[in-house]
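Participant: Here is the input, now give the coordinates:
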Amino acid sequence: MKLANRIGHWSAHSAAAQRLNADLPARSDEELFQDLREASGAQAEAIREALVTRHSGLVRWLAGQYANNPVDVEDLRQVGYLGLVTAIDRFDVDRGYEFVSFARPTVQGEIRRYFRDERRWVRMPRRIQENKAAIRVAAETLTHDLHRVPNDAELAEYLGLPEPLVREAAAAQDTFAPVSLDAPAGHDGEETFTIADTVGFPDTRLDFLVDCDALKPLVEELSDRDRLILHLRYYQERTQSQIGQELGCSQMQISRVLAGIHDRLRAGLTDDAAAA
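Facilitator: Residues are numbered from 1 along each chain as shown. The predicted structure is shown next:
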């Protein structure tokens, strides 16, 4: 069942129930929960509707704590109302607790699960999530007491956490929407670089350097003539015929010399690998 439908049925009989229960808004929470225990059908729906309406401010306030641009606040409120009705159905008035104290963590939990299961692209470690939640509550308390925003050291002392953990949690971002790799990431002089410019990539030239380093001692063992042929062929990029003309040999002779050099170098690399 869609979330909107799950919430919508709680007020489906609202008009009829209000005609039957015009006095519900005037009754206390305790009285309403006592009535809800014995009610059924339209009467029970009317009582739930009255409780939801009465405590809708809690849902709006908690939803506002988590709202940001990528997340529609109406979606959060809808999830929050689901948590509120869950709290209404679970609340036991005989325990003597205030309903708001019981409902708040239930509504907050529903909103957090929504982020965890539906909206988060990258899930932070649970430890960081818990620290972020604790820091948020502590910041509200200390801001009220200090009449200013607390710093990391004050938050760490209040929570009994190491200051580096507070900084880590405060710096961690909830990733609810991806950021384009073309988004600006900073400036280098007059040039602006993007996130993509900061992403590493495999550099195949490193393999080339490793191969050159392995070949260097083997090439040094070659004769001067063989090293000259390699230099002309691979550094100056001469053809075999051009090398033959310079050295007074045929193209076929240069081809056989190069093949022999290649075989010796491969054998040397194989021996080195086996020894390693």
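Participant: Look up how far M252 lies from the spatially closest residue to L165 that is not a sequence neighbour.
Facilitator: The shortest distance from L165 to any non-neighbouring residue, by Cβ to Cβ, 6 or more residues apart in numbering, is to N131 (6.1 Å). The way it works is simple: take the backbone N, C-alpha and C, and place the C-beta from them, glycine included. Per Cβ to Cβ, to the nearest Å, N131 is found 75 Å from M252.
Participant: for stretch 209-223, what is the average pLDDT?
Facilitator: For stretch 209-223, mean pLDDT is 84.
Participant: er, stretch 236-252 actually
Facilitator: According to the model, stretch 236-252 has a mean pLDDT of 91.
Participant: Compare N131 and M252 and say which one has the larger neighbour count.
Facilitator: N131 (21 against 11; other Cβ atoms under 10 Å).
Participant: who's in contact with that one?
Facilitator: L161, L165, V166, E168, A169 (Cβ atoms under 8 Å, 6 or more residues apart in numbering).
Participant: same thing with L265?
Facilitator: L215, L218, V219.
Participant: Just the element for it, please.
Facilitator: Element membership of L265 [criterion: DSSP states H and E] is helix 251-275.
Participant: same thing with R227?
Facilitator: With DSSP H and E as the test, R227 turns up in helix 224-230.
Participant: who's in contact with the following helix or strand past that helix?
Facilitator: Once the chain leaves helix 224-230, the next helix or strand it forms, by DSSP H and E, is helix 240-247. Applying Cβ under 8 Å, 6+ apart, the contact partners of helix 240-247 are 225, 228-229, 232-233, 238, 249-251, 253-255, 258.
Participant: just for the chain, where's the confidence low?
Facilitator: Along the chain, segments meeting pLDDT under 70 span 1-26, 67-71, 116-124, 173-179, 271-276.
Participant: Please enumerate the helices of it.
Facilitator: 3-8, 14-20, 29-38, 41-54, 56-66, 73-90, 99-114, 126-146, 152-159, 163-171, 205-220, 224-230, 240-247, 251-275 (DSSP state H).
Participant: any chance of those helices in CSV, plus distance to G189?
Facilitator: Formatted as CSV, the helices of the chain follow (distance: least, Cβ to Cβ, whole Å):
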stretch, distance to G189
helix 3-8, 50
helix 14-20, 64
helix 29-38, 64
helix 41-54, 58
helix 56-66, 39
helix 73-90, 41
helix 99-114, 43
helix 126-146, 35
helix 152-159, 32
helix 163-171, 27
helix 205-220, 26
helix 224-230, 43
helix 240-247, 46
helix 251-275, 44
